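Participant: Here is the input, now give the coordinates:
(one chain, ligands or ions: 2)
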Amino acid sequence: NLTQRLSRVVKTIRGEARITEANVADMLREVRLALLEADVALPVVREFTARVKDKALGQEVVGSLSPGQALVGVVHKELAALMGPGAVGLNLAVQPPAVVLMAGLQGAGKTTTTAKLAKWLIERQKKKVLTVSCDVYRPAAIAQLQTVSQQAGAEFLPSSPDEKPLDIAKRAIAHARAHHIDVLLVDTAGRLAVDAEMMREIADLHAALAPIETLFVVDAMQGQDALATARAFHDALPLTGIVLTKLDGDARGGAALSVHHVTGAPVKFAGVSEKIDGLEAFDPTRMADRILGMGDVVALVEEAQRSVDIQAAQKLAQKVKSGEQFDLNDFLMQLQQMNKMGGLQSLMDKLPAEMQARAGQADMDKASRDVRRMQGIICSMTPQERRKPDLIKASRKRRIATGAGVQVQDVNRMLGQFEQMRDMMKKMKGGKLFKMMQRMGG
Ligand code: GDP
Ligand code: MG
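Facilitator: Ligands and ions are numbered 1, 2, ... in the order given. This next block holds a predicted model:
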């Protein structure tokens with residue numbers, strides 16, 4: 001995925017202060033591949049990476065972020081922005097009945113989504129909803145809509161395979177008017193692939209119904225093909241919104257980007273289960289997370305962190321090997337690493353069993369406070385004191401304690417712990433130490 005890819009590139013350019021033409025090229029290639037893998041269509045990917053490059057170039061890389069991480073940030077933000085404002089909802093601002101026309105290929109989820117929308121409108125917006133099916137080619141499809149409409153608590157207008165879709169549509173409008181229906185949801189037929197006859201039929205339906213919303217329902221699992229399908233529907237109908245279904249599957253969601261790009265229509269809803277309540281307002285940020293595998297971006301940051309730690313551990317191991325003294329600078333580095341690695345609790349699990357048993361009775365919160373206090377104490381020492389802890393006698397201890405805002409006995413305890421650690425280090429061969437530190441780093 002993108003994260004793994006980027007982390008490889010990130011390694012080679014760590015330490016650079018800004019995103020430059022040179023280092024952005026490699027990263028953008030990885031972004032491009034990752035987006036393709038997430039089913040974003042190629043032309044969309046091209047345009048998108050060009051835009052990201054514009055935004056990213058010359059951007060200062062703040063704090064401890066690497067250029068790679070900063071770029072992931074830009075990509076994420078742009079992805080979300082590209083998918084529109086999110087949470088648009090249905091436009092129902094017309095003289096009732098507001099007509100919603102469902103369009104899409106067979107199996108996209110039109111019938112299911114019709115019922116989901118009915119439930120949504122009834123429960124959240126207290127609307128009086130009527131559903132009708134114009135899918136005269138499959139009698140089972142009409143029965144299916146009836147079943148799910150009943151589950152949704154919507155009124156259902158029966159239709160028959162003997163009727164023409166246009167006649168059903170006109171009858172439905174008349175019925176809705178007569179019965180003071182707020183929203184009329186019109187389910188339609190779909191073919192397995194786009195064909196001219198289907199497009200003509202739905203265009204005719206559109207003309208007869210004059211819907212306020214024409215929703216293009218598209219299966220997220222359709223992946224790369226979603227682009228061509230969207231284009232065909234967009235050419236035939238003025239689409240007002242997109243419903244992306246089956247996001248509970250393992251689709252990466254790139255179709256959202258492609259379909260929005262082609263149609264210009266906002267993605268309004270996401271289908272997240274086959275159940276009737278499996279509908280969510282579309283959230284661009286979450287979709288960008290999904291496309292990028294944001295959970296993994298966190299992992300990326302951690303990995304970058306960890307490799308820094310491993311470098312430090314390597315240095316330390318080298319030092320021990322070469323017979324240099326383990327000093328308070330090294331001890332401080334270890335303490336800092338403990339903090340970085342998510343505190344003592346997570347560290348505990350990685351310690352050798354014997355040390356775990358000893359630390360096991362300790363109150364972890366207190367232990368974390370102790371670690372911070374020890375860091376504070378070491379930071380109050382002069383460089384010379386850190387290198388040669390044996391210099392630290394009573395008067396220095398008082399000065400250090402005052403500087404760190406602790407008692408002299410805290411300084412003594414810290415020094416005791418340092419000595420324990422130093423003894424342990426002495427007994428260890430460099431290689432073994434390195435392995436242990438690696439384990440601590442995960
Ligand atoms: P239509 O041919 O466009 O009307 O599609 P259907 O509504 O009949 O849906 C086709 C299949 O997809 C059915 O088995 C649905 O249960 C399933 N389905 C629709 N939407 C979702 C969704 O969001 N998640 C899951 N898991 N399945 C869905
Ligand atoms: Mg159907």
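Participant: residues contacting the residue lying closest to Leu328 once chain neighbours are set aside?
Facilitator: Distances taken as C-beta to C-beta, 6 or more residues apart in numbering put Arg386 closest to Leu328, at 4.1 Å, once the chain neighbours are dropped. Where you see a C-beta, it was placed from the backbone N, CA and C, and this is true even at glycine. Shown in contact with Arg386 (C-beta atoms under 8 Å, 6 or more residues apart in numbering): 327-329, 332, 378.
Participant: Look up phi and psi at Thr245.
Facilitator: Taking degrees, to the nearest 10, you get phi -100, psi 170 for the backbone angles of Thr245.
Participant: Apologies, that question was intended for Gln407.
Facilitator: phi -90, psi 160.
Participant: Next SSE downstream of the helix or strand in which Ile377 is found?
Facilitator: Assigned by DSSP states H and E, Ile377 belongs to helix 364-379. For helix 364-379, the following helix or strand on the C-terminal side (DSSP H and E) is helix 383-387.
Participant: for that next one, which positions count as buried?
Facilitator: Neighbour-count burial for helix 383-387 flags 385-386 (criterion: 16 or more other C-beta atoms under 10 Å).
Participant: helices or strands next to the helix or strand following that helix in the packing?
Facilitator: Per DSSP H and E, the first helix or strand lying C-terminal to helix 383-387 is helix 394-404. In terms of contacts (3 or more C-beta pairs under 8 Å, 6 or more residues apart in numbering; DSSP states H and E), helix 394-404 is packed against helix 364-379, helix 408-427.
Participant: Any chance of a markdown table for these, columns distance to ligand 2, mean pLDDT and mean neighbour count?
Facilitator: Shown next, in a markdown table, are the helices and strands packed on helix 394-404 (distance: least, C-beta to the ion, whole Å; pLDDT from 0 to 100; neighbours: other C-beta atoms under 10 Å):
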| stretch | distance to ligand 2 | mean pLDDT | mean neighbour count |
| --- | --- | --- | --- |
| helix 364-379 | 56 | 78 | 16 |
| helix 408-427 | 68 | 84 | 15 |
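Participant: Which positions in the chain make contact with ligand 2?
Facilitator: Contact residues, the chain versus ligand 2 (C-beta under 5 Å from the ion): 110-111, 141.
Participant: Considering these, which possesses the most neighbours?
Facilitator: Using other C-beta atoms under 10 Å as the neighbour criterion, Lys110 leads those with 29 neighbours.
Participant: I'd say it and Phe216 touch.
Facilitator: No: between Lys110 and Phe216 there is no contact under C-beta atoms under 8 Å: 9.7 Å.
Participant: residues shared between the contacts of those two?
Facilitator: By C-beta under 8 Å, 6+ apart, the residues touching both Lys110 and Phe216 are 103-104.
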